[in-house]
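> coords please:
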Amino acid sequence: MGLEKAIGSVMPNALTTRLDRLINWAQKNSLWPMPFGTACCGIELMATLAAKYDLARFGAEAIRFSPRQADLLIVAGRVSLKEMPVLKKIYDQMPEPKWVISMGACASCGGVFDTYTLIQGVDQFIPVDIYVPGCPPRPEDMIDALIQIQKIVEEKSVRDPSD
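As a prediction, the model looks like this:
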C-alpha cells in the first residue's frame, strides 16, 4: 500500500491522463454526424460527403439518420419556425457528448431571409460549437469545421464531464 500511495502522490493523474488521450483519440477519429440539411447547404453537404472531398478521410463517414446514434449535428440551411421544435427534439435525443455545426449563413444568422417565418440563427435554441459562413459554404469550409470539432474533442477531459 505504501508504494501505491507514493506513486499516486508523484503522478496523481497518470492513469486518467492516458485514458483521456485514448478516449479523445477514438472519439476524434470516429465522429458520427447527423445531417439536418435544407436548401442549398444540404446540397453542399452532400458534395462534401462525395468522392471528390471525401469527409470519410477525417473519420466522419458513418452518417447517422437517428439522433440516438449520432454525436455531431450538422444544421445546414434555413430553419423555419415549424422545423425548430423538430430540430430541438433531435438535439435533445442525441447522447452526450455532442457537438453542433451551423453550416451556412441561414443557419447561423438567417442569411438573406429576414422574415418572420425563419429562425434568425439556430443558436437561439441549441448551443452551436462551430459556425461555417457562406451562402452556401464550400466543401473545404465544412472540412475545416470538422477539423475544428476534432480539436475540441481532443481537448476535453473524461475527468470533467462539464466540457
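> in this structure, which spans are helices?
2-10, 14-28, 39-49, 84-93, 105-109, 139-155 (DSSP state H).
> List the buried residues in the third one.
By neighbour count, and taking 16 or more other CB atoms under 10 Å as the criterion, the buried residues in helix 39-49 are 39-42, 44-45, 47-49. In short, each C-beta sits where N, CA and C put it, glycine included.
> Below-threshold pLDDT in the chain: ranges please.
1-17, 158-163 (pLDDT under 70).
> Out of the buried residues of helix 39-49, which is nearest to Tyr116?
Closest to Tyr116 out of those is Ala39 (18.0 Å), distances taken as CB to CB.
> wait, isn't that closest one in contact with Ala107?
No - contact status for Ala39 versus Ala107: not in contact, 9.8 Å apart, counting by CB atoms under 8 Å.
> Now do the shared contacts for the two.
Residues touching both Ala39 and Ala107 (CB atoms under 8 Å, 6 or more residues apart in numbering): 77-78.
> Across the sheet, point out what pairs with Ala76.
Gly37, Met103 (DSSP bridges).
> Count the residues that sit near it.
28 (other CB atoms under 10 Å).
> how close does it sit to Ile101?
Ala76 sits 8 Å away from Ile101, going by CB to CB, to the nearest Å.
> Out of the helices of the chain, the one nearest Val122 is which?
helix 105-109 (5.4 Å).
> Residues contacting the closest one, please?
39, 41, 75-79, 102, 111-113, 118, 120-123, 128, 131-135.
> I'd like to know which of those residues are part of strands.
Members of the contacts of helix 105-109 lying in strands (criterion: DSSP state E): 75-76, 102, 131-132.
> Gln148 contacts Ile130, doesn't it?
Yes - counting by CB under 8 Å, Ile130 is a contact partner of Gln148 at 5.2 Å.
> neighbour count winner among the two?
Taking other CB under 10 Å, Gln148 and Ile130 do not tie; Ile130 has more neighbours (20 against 16).
> Who are the contact partners of Asp71?
27, 31-32, 94-95, 97-99 are the contacts of Asp71 under CB under 8 Å, 6+ apart.
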